[in-house]
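>>> task: produce atomic coordinates for the following.
(chains A and B)
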Amino acid sequence: MSTKFIYDLDLGKTVTKNRLVGLLRMMKGYYWLYIGAILALAISTLSRTGISLVLRSFIDDVIIPSQYGTQLVLIIIIFIGLALFQGGFSFISGWLAAKTAERVTQRLRNYLFDHLQRLPYAYHADAKTGDLIARSTSDVDAIQRFYGEQAIGIGRISLMFIVNFLAIYQLNTKLALISIITVPVIIGVSIFFFSRVSKAYEEYQEQEATLSNRLQENLTGVRVVKAFARQGYESYRFDQENWQKFKLGKKLLSIRSLFWPVSDIICGGQMLAAFFIGALMALNGEITVGTYMAFSTLVVLIIWPMRGLGRLIVQTSTGMVSYSRVSEILKQVREPLTDGEYQADSPVKGEIIFSDVCFEYEKDNPVLYNINFTCNPGDIIALLGSTGSGKTSLVNLLPRFYDPTSGVITLDGVDITKYSRKFLRSQIGIVEQEPFLFSRSIRENITYGVHRKVSEEEIIQAAQFAAIHEVIEEFPKGYDTLVGERGVTLSGGQKQRVAIARVLLKNPRILILDDSTSSVDTETESQIRSALEHLMTDRTTFIIAHRIQSVMDANRILVFDKGRIVQMGTHQQLMDEPGMYREIFDIQTRIDVELEKEISSVNL
Amino acid sequence: MSTFEEFDEKDYGKLTGGIISRLGNLLKPHWKWVLGFLLCIATVSAIDSYTTFLSKRIIDEGIIAGSREAIVRTVFIYGGVILFQAVASFGYVYLVGILAERVRYDLRKNMFNHLQQLSLSYFSQTPVGWIMARLTSDTERLADLLTWGILDVTSAVINISTAAIFMFLINARLAVIVLVMLPILIVVAFRFRAKILYHYRRSRKMNSRITGAFNESITGVRVIKALSREDDNLEEFSELTEGMFQASYRAAWLSALFLPTVQVISAIGLGVVLWRGGMQVQIGAMTIGGIQAFVSYITFIMWPIQDIAQVYAQTQNAVASAERIFNLVDTEPGVKNRPNTVDVESISGTIRFDHVHFAYEEDDPVIRDLSFEVQQGEMVALVGPTGGGKTTIVNLLCRFYEPTKGAIYLNGINYEDIKLQDIQSRIGIVLQTPHLFSGSILENIRYGKLNATDAEIEQAAKLAGAHDFIIQFEKGYEQDVGEGGNLLSVGQKQLISIARAILARPELFIMDEATSSVDTLTEALIQRGMERLMENRTSFVIAHRLSTIKRADKILVIEDGQIVEMGTHKELIRKHSKYYHLYTCQFRQELEAQYDVLNKPEPDNEG
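Numbering: from 1, shown residues only, chains lettered A, B, ... in the order given. The predicted structure is shown next:
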């Protein structure tokens, strides 16, 4: 593949209220291909009908008058020629339809993927992961089936009906009308049955999910099951759901197994009636034997496919529902990444000023009130406060995951909304409390944020600074070790250090750290601490602090309470004034005294 | 719908005699249904061939012979046959469908019951998703082969052979021509099907990778935005969709080519038949109706052939599934009852570890030469760094695993001589991350004693200190806990699992204390609940809280699978060694947390 196909159409703009129109507009660029598929289908259908008419001629012009010789050869040549036509065009039709369906859904997948990663963070914070994935995968599959199977299938059956009906009509008007009497009944019955089936099928699928959940709970809770020796009870409970599924399957079946004989009888009866009347007409000389034969093959082509039409029509409704679900994502507005009035030509220095910044996630429920502070390039700003006091919300404003409700944040004197998000984010590095690693190799995780080729030495150096190199070397596959889903093969502390290496390599001017070392043991803690020191050198740093030790070196400590900055200053300044900060600090000294007491009590 | 297909599995297998007989055993108990659907489908297929023959008679005996009466008679027979066929169709669709459901049910039941017998080592080595796939997609595939697969093949064989019989009846010479064409059709169909399935499978694999990519980009969206990885990601993703396009387009292309190819081959055969047939009519060896019949037989013969090819292609796949299923069912539990077990009334008494060694994998010992003795009613605290072997010791004690060397004695009896059930039903465990089952709180506590009355459950909840928060729920004890208990807080889950253990009245109590902090009130409740459980019972606690550790009668400091220090709190503090360091470090952390004005529990508003 020399030219890579990504997407060439802004699908967000194709969304309309009318779902069929929307599906049609989504096909833009492939109209001719799809029309070609339908035309080829028409030619193929015509050829198929032609074959029956040739058969008629074979009987009436060759067999009955005993005109063998050139006549026979000619007919056989035409016959095979038509068969080749039919086959060839049926192939072309299938090919073009598949290409359209596959390309349109490929474009949709690419677009959705890109769309999701470019939607604002606020959208993701509210959306459910599982739901978004279902919409991007199984709903897209349903749309693919709409183009590739249902739409074209309905087209095929309709064409067969029209062409063959016209052919019979041209043979004999009366026969034509007789052969389609029950067609509406057949369609009606099949729609009725298949909508019933699809309802029963939903129930069945739900039970399948229940069963899977029960199984999964049993497997993940295996220690509890064993600890209480509840194997028998578990088997009993599983069997209940299992049996329920069997029963629902039976219910589904009874509907399904009724459809076939009922439709068989209607179709068979219709066909037989046509045969009967046709045969009588042939007997009376109203039509020729050849015509009767052609008719009896054509009538089969009209009636039997009708049984499938109901199923296809019912299925298209799932395609439409899926389209609605997908279009709900498509019509969301992306956050522009590259738009920005101000073009910075060099990395920023890192002077940040918050002026009267207020922020709320929901209307009238502010989480930050009038935040004002200045931070010089290279400063360390520590944010101290309880959970929910606004620390995380504040740092979310810097990379513009959210924008302030009012007030201005400037970076190097320029309003941050004037920078492009892409540039702004390239200047900021984030180390989260529970870093997210991707299921790729450790090497790829470390180089994840740099958009260039990175030498092995650089990667190792970053890992060394992050105090993770030796750990990685100990893995059998070293840097090529795959990180399990959500980094399960690495411990929390190790993940954090990989994330530090990732940020080191990115080399941003501004740093946001969620300083959480509480879950790791002492040794790891000191390693992470030294890694962080490396990271903070010469960068403007924001630390979300959970413990007082990590804020003492900060140039400025912001103490948060309920969305407000209640104290601000250096460690020394804050120690000199009464308030929350000093209270916290005093505890430290108290602990040492208590420990002393505790130990000596033992030694008595 | 298979969410668990993401593993790279072998997807073809050979149908050996052994497998065939095991597959046969799956159908054996339901032989009546098998016989029923086989008879029904055979009837339906034979009638299909017969109706074509009836059409011929309408033409020859009716129209050509000029007999109105023959037409009426044949049409009546035809109508009767169609009705009869409809009944048979109902029969086969219903029977084969119900059989398929039943085979699935049986397979799932067998596997599930077997899974309950397998020991913990199996589950620690086997991903949950892998096991789930055996009970879902593999079960579907195998059941399909055993039911619809057999049905399709039977139908095809009967269809082709009855059609052949009728064709021979009509005209032997022409029938031979058709029979010559048959192998060509079969070879072509098989080849196509195998190829289509290959590409189809490739596209399924790409599809699961695409799902994975969506999953990661959605869950990791914050990192992606922070690192501005959008363009690179799209580039990578578009390679996946291109791969998906190539595979599924190829499969669709081949499918589009498949039927026309078969049709053209049959058309050529038909051309020959018309040509020779015309001649035969001339010499009176063939009728017009006969020609008509040949035309339909040849036109429709490709369907059964394509069905057989389809089954053939799926068989390899389904056999691979069968192998995996049999593999699971054949797995021997690592821990099971020995022959000649001793019956015991109780397991309370002394517990002795005698030079116990344990390794999950050979040459990688986790527990090395562990010996200690615990008296009835004592409380043992296990402390030490993560990965030191504390959990393994507890697992050995519960006999989730057995020592690779050495032995564990309960009351002087080697516990491997006691029935597993007798040991495990007398142990109560509270895990670090408590696992609840979806359902109500009541049901979850009752898990400890299935025949407990509601009053007993309430009593247990009160003892555990869970009662007060439970009754504050809108539905009280009927409150739903959510999947895995995720509607409750960690502390609440722990209290409920303590109540569950209290209800079970175990003789030996094991607790893995939670490391994560819960609020002070809940913490105190948990401590009290634990104390209740430990009264007059031997207990083992993987301890993280100082208050727990200090209360222990015996503290084992575990490092690298060995006991590095053992004694009471006072003894070990005086030693001024490992335990002393652990203790002082923990002391600081706990007090910091306790005094931490920052983390006074407050509602969490942040996203």
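
>>> put the alpha carbons of stretch B:379-387 into CSV.
Extracted as CSV, the C-alpha positions of stretch B:379-387 are listed here (Å, rounded to 0.1, in the frame of the first residue of the first chain):
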residue,chain,number,x,y,z
MET,B,379,-3.7,-15.5,66.6
VAL,B,380,-0.8,-15.4,64.1
ALA,B,381,0.2,-12.2,62.2
LEU,B,382,2.1,-12.5,59.0
VAL,B,383,4.1,-9.4,58.1
GLY,B,384,6.7,-8.5,55.6
PRO,B,385,7.2,-7.0,52.2
THR,B,386,4.9,-7.7,49.2
GLY,B,387,5.9,-10.8,47.2
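
>>> ok, that stretch near chain A or not?
Yes - counting by Cβ under 8 Å from any Cβ of the partner chain, chain A has neighbours in stretch B:379-387: B:385-386. All C-beta spots, glycine's among them, are computed from the backbone N, C-alpha and C.

>>> got a list of contacts for that stretch?
For stretch B:379-387, the surrounding residues in contact (Cβ atoms under 8 Å, 6 or more residues apart in numbering or on different chains) are A:521, B:374, B:390, B:393-394, B:534, B:538-543, B:548-549, B:551-559, B:564, B:579, B:582.

>>> can we see that at 6 Å?
With contacts defined as Cβ atoms under 6 Å, 6 or more residues apart in numbering or on different chains, stretch B:379-387 is touched by B:374, B:390, B:534, B:539-543, B:549, B:552-559.

>>> show me just the buried residues among those residues.
Buried residues within these, counting neighbours by 16 or more other Cβ atoms under 10 Å in any protein chain shown: B:374, B:390, B:534, B:539-543, B:549, B:552, B:554-559.

>>> restricted to helices, list those residues.
B:390, B:534, B:549 (DSSP state H).

>>> can you redo these as JSON lines with distance to chain A and pLDDT?
Below are these laid out as JSON lines (distance: Cβ to the nearest Cβ, whole Å; pLDDT from 0 to 100):
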{"residue": "B:Lys390", "distance to chain A": "14", "pLDDT": "88"}
{"residue": "B:Met534", "distance to chain A": "17", "pLDDT": "84"}
{"residue": "B:Ile549", "distance to chain A": "12", "pLDDT": "86"}
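
>>> the domain parsing of the chain - what is it?
You didn't say which chain, so I picked chain A. A:1-172+A:310-335, A:173-286 (automatic domain parsing).

>>> meant chain B actually
Looking at automatic domain parsing, the domains of chain B come to B:13-171+B:317-334, B:338-425+B:543-596.

>>> rank those domains by pLDDT, which is bottom?
With a mean of 86, domain B:338-425+B:543-596 has the lowest mean pLDDT of those.

>>> off-centre distance for that one?
34 Å (Cα atoms, centre = their mean, to the nearest Å).

>>> now do the contacts for A:Phe373.
A:Phe373 neighbours (Cβ under 6 Å, 6+ apart): A:Phe354.

>>> what about it, distance to B:Gly412?
Counting by Cβ to Cβ, to the nearest Å, the gap from A:Phe373 to B:Gly412 is 71 Å.

>>> can you name the element that comes right after the strand or helix carrying B:Val273?
Following DSSP states H and E, one finds B:Val273 within helix B:230-282. Using DSSP H and E, the next helix or strand after helix B:230-282 towards the C-terminus is helix B:288-300.

>>> for the record, mean pLDDT for that following helix?
90.

>>> quick check: angle from it to helix B:230-282?
160 degrees (axes from the mean of the first three to the mean of the last three Cα atoms, to 10 degrees).

>>> got a list of contacts for helix B:288-300?
A:59, A:293, B:52, B:56, B:59-60, B:163, B:167, B:170-171, B:174, B:266, B:269-270, B:273, B:277.

>>> from the contact counts, what lies against the host helix or strand of B:Ala70?
Using DSSP H and E, B:Ala70 maps to helix B:68-117. Counting contacts by 3 or more Cβ pairs under 6 Å, 6 or more residues apart in numbering or on different chains; DSSP states H and E, helix B:68-117 is packed against helix A:231-283, helix B:31-57, helix B:139-144.

>>> wait, which of those helices is closest to B:Ile351?
helix A:231-283 (24.1 Å; Cβ to Cβ).

>>> quick one: the closest one to chain centroid distance?
Worked out by Cα atoms, centre = their mean, helix A:231-283 lies 35 Å from the chain centre.

>>> and it, what other elements does it pack with?
Against helix A:231-283 (3+ Cβ pairs under 6 Å, 6+ apart) you get helix A:173-178, helix A:183-220, helix A:289-330, helix B:68-117.

>>> rewinding a little: could I get the domains of chain A as CSV with mean pLDDT and mean neighbour count?
Supplementary listing: the domains of chain A in CSV, determined by pLDDT from 0 to 100; neighbours: other Cβ atoms under 10 Å in any protein chain shown:
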stretch, mean pLDDT, mean neighbour count
domain A:1-172+A:310-335, 90, 19
domain A:173-286, 89, 18
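
>>> wait, which of these is closest to B:Glu507?
Nearest to B:Glu507 among those is domain A:173-286; the distance by Cβ to Cβ comes to 12.9 Å.

>>> endpoint to endpoint, that closest one covers what distance?
12 Å (Cα to Cα, to the nearest Å).

>>> picking up where we left off before, CSV for the helices and strands packed on helix A:231-283, including distance to A:Asp114?
Listed next are those as CSV, based on distance: least, Cβ to Cβ, whole Å:
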stretch, distance to A:Asp114
helix A:173-178, 53
helix A:183-220, 30
helix A:289-330, 11
helix B:68-117, 40
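
>>> out of those helices, which is closest to A:Val104?
Going by Cβ to Cβ, the one of the helices and strands packed on helix A:231-283 nearest A:Val104 is helix A:289-330, 11.9 Å.

>>> quick check, A:Ile381 in a strand?
Yes - assessed with DSSP: H, G, I helix; E, B strand; the rest coil, A:Ile381 lies in a strand.

>>> in the stretch 201-350 of chain B, what residue comes closest to chain A?
B:Ala256 (2.7 Å; Cβ to the nearest Cβ).

>>> can you give me the distance of that residue to A:Arg19?
Distance from B:Ala256 to A:Arg19, by Cβ to Cβ: 27 Å.

>>> ok, B:Gly491 to B:Met530 distance?
With Cβ to Cβ as the criterion, B:Gly491 and B:Met530 are 13 Å apart.

>>> neighbour count: these two, which is higher?
More neighbours surround B:Met530 than the other of B:Gly491 and B:Met530, with 26 against 21 (other Cβ atoms under 10 Å in any protein chain shown).

>>> many thanks, I have nothing further to ask.
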